Structure formats: structure tokens, C-alpha cells
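> need coordinates for the following:
(one chain, ligands or ions: 1)
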Amino acid sequence: MEKRKVQFDLTVYKIEDELSPEEAELLAQAVTARKRAYAPYSDFNVGAAVLLDNGTIVLGNNQENASYPSGLCAERVAIFSAGANYPYERIKMIAVSAASKNYKVTEPAGPCGNCRQAMAEYEQKQKKPIQILMRGESGPIYKCESINDLLPLAFNNSFLSDS
Ligand code: THU
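Below you'll find the predicted structure:
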């Protein structure tokens, strides 16, 4: 028997002044996207900004539905849009911003499990880590160096064939 420890590096920025200009811009774009979210049922607004290697930023936000499961999270709206419109462009970084209409979100909201799986697919596809920045409406900013850090032992396409 062997016990393994799985660890990852989490960078915690106390304020946005600590971010690089590129990170600050991407997070600002995530806030812009968040303000356009359609979340009348949860009142929980999320925005995501995807930075491509060519410098393009693709935005997404949560889109809810009266039939609740038909809605989609901000991260998947953004990354699917990037995949649909820029299929050959690598993704460098994703920023996520979350805020509620009912209380002040002061801690970063980690992406849901489905979004982690969806984002991991693109990391696997491009064979290069995607960095992720997360923030609430205020408070600290978390940065992970790879989506894989958020989804250890992830299922991926390597399991779908024996080659
Ligand atoms: N939501 C996101 O957009 N991203 C996440 O990672 C977590 C949750 C949305 C889904 C739903 O519209 C609302 O937040 C409340 O769950």
C-alpha cells in the first residue's frame, strides 16, 4: 500500500493591484460579463472571460432558464463560445467573477464540477495548462496554474481507447 499526497499551488492576491496588467484586464472583462448575466432565478451572477493566445478575449455569463437544468454556467458559456469561434486558438487564461444580488460575495466562488470537467477537456485538447483566476465581488483573488489542479484524477479521452 502506498499513500500519495496530491497538492497544487494556489496564488492568493489580496488586492487587484497585485495582478499583472493582463490579469487585471481579464478580471475586469469577467466583471463586465458578470453584469450581463441572465440569472433571475438564483440572483447569483457569474461572468467568465477567456483569454486566447492571440490576445482575443471571449466573454460568457450564466444563462438561467425557467426549466432550471436547461441553464448553463458562465464558465461553460465562455469556453464553449471560445471553442466554437476559435477552434484552433489556444486558451491562456480564464477569469471568473461572481456576485449575488442578495449578499456580498467576498470569497472566490470555485467553478462547479461540470465546468471543471468542461474546462479540463480544452486543456487536454491543447496540451498546455490553462490558468484560472477567481474572485467574488470583492476580496481575495485566487489563481491556479492549471484546470487540472481543480480536478485531480479527471476523466479524459485517454480512457476512451487503448492506444
Ligand atoms: N454558476 C456559474 O455560472 N458558475 C459556477 O461555477 C457556479 C454556478 C451559476 C449557475 C447558476 O446560474 C447560478 O450560478 C447559481 O448556481
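> show me which residues of the protein sit near the ligand.
39, 42, 44, 46, 62, 64, 71, 73-75, 109, 111-112, 115 (C-beta under 6 Å from any ligand atom). In short, each C-beta sits where N, CA and C put it, glycine included.
> packing partners of the host helix or strand of Glu123?
Here Glu123, judged by DSSP states H and E, is contained in helix 113-126. Judged by 3 or more C-beta pairs under 8 Å, 6 or more residues apart in numbering; DSSP states H and E, helix 113-126 is in contact with helix 74-85, strand 91-100.
> ok, residues contacting that helix?
Outside of helix 113-126, the residues within contact range by C-beta atoms under 8 Å, 6 or more residues apart in numbering are 73, 75-76, 79-80, 82-83, 90-91, 94, 111, 129-130, 132, 146-148, 150-151, 154-157.
> buried members of those into ChimeraX, please.
For the buried members of the contacts of helix 113-126, the matching ChimeraX selection, counting by 16 or more other C-beta atoms under 10 Å, is:
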select :73,75,76,79,80,82,83,91,94,111,129,130,132,146,147,148,150,151
